[in-house]
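J.: Fold the stuff below for me.
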Amino acid sequence: MSPDYILNMLKPMLEGAQMTVLLFLIAIAASIPLGFLLTLAIRSRIRAVAWLSHGYIYIMRGTPLLLQLLFICFGLPLIPGVGEYLVLDRFVAACLGFTLNYAAYFAEIFRGGLLAIDKGQYEASQVLGLSRWHTTTKVILPQMFRVALPAVSNESITLVKDTALLYAVAVPELLHYAQTVVNRDFTIVPFFIAGLIYLIMTLLLTLFFKWLEHRFKFE
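T.: Predicted coordinates:
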């Protein structure tokens, strides 16, 4: 197997990896804030809002991500009356599906982070005369993120690997190009290269979150 062949094989796979990274960045940037809003909604004193949020999280966590992607890509356009207005670009639909799914998981992570904070923190803030806003932003949220960070890191790494599901909705990403070369040249080498690229991405992400954990630990 010549170096030229490997380079020719690697080029489209790296282009697919760019699509993988783009999906990851969009999904992570959208799902974390949405997940935090869901956490706040769960804790809402308005019972209907809390129940709707719980229901949403239950559905998104209780059904496969692949099913959700297929529904958004191929199911929404079949809804009578409004389906023609719900036809989305495959990549846009995938970004939407990943965001909605992972927001539910991040919501539970943040909820666990809030539950881990001792009630004495709230009482101490009241004694110090801190407003509710300052208590939340200066005392509670920093501790919540510190507690939730390892779980956020783990979920983010899972998101990188789940981007391979783009293959199922015909979005050309890393695994798509690897499978194309395998079918064309009858070799399993592209699978090993794809695995190596995924490992590099997860390694970089792991190092980034380790740096964040170290920084939060000493702040």
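
J.: how close does the residue located most distally from the centre of the chain sit to Ile140?
T.: Going by Cα atoms, centre = their mean, the residue of the chain most distant from its centre is Val127, 38.5 Å out. Applying Cβ to Cβ, to the nearest Å, the value for Val127 to Ile140 is 15 Å. The C-beta positions use only the backbone N, C-alpha and C, and glycine is treated the same way.

J.: Ok, Thr180 next?
T.: 49 Å.

J.: what do you get for Leu96?
T.: 30 Å.

J.: can you check Arg111 too?
T.: Going from Arg111 to Ile140 by Cβ to Cβ gives 13 Å.

J.: Contacts only, for Ile99.
T.: No Ile there; residue 99 is Thr. 26-27, 30-31, 34 (Cβ atoms under 8 Å, 6 or more residues apart in numbering).

J.: Out of those, which sit inside helices?
T.: 26-27, 30-31, 34 (DSSP state H).

J.: ok, back up a step: separate out the buried members of the contacts of Thr99.
T.: Buried subset of those (neighbour count, 16 or more other Cβ atoms under 10 Å): 26-27, 30-31, 34.

J.: Format these as JSON lines; extra columns: distance to Asp4.
T.: JSON lines is the format used below for these (distance: Cβ to Cβ, whole Å):
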{"residue": "Ile26", "distance to Asp4": "34"}
{"residue": "Ala27", "distance to Asp4": "36"}
{"residue": "Ala30", "distance to Asp4": "40"}
{"residue": "Ser31", "distance to Asp4": "41"}
{"residue": "Leu34", "distance to Asp4": "46"}
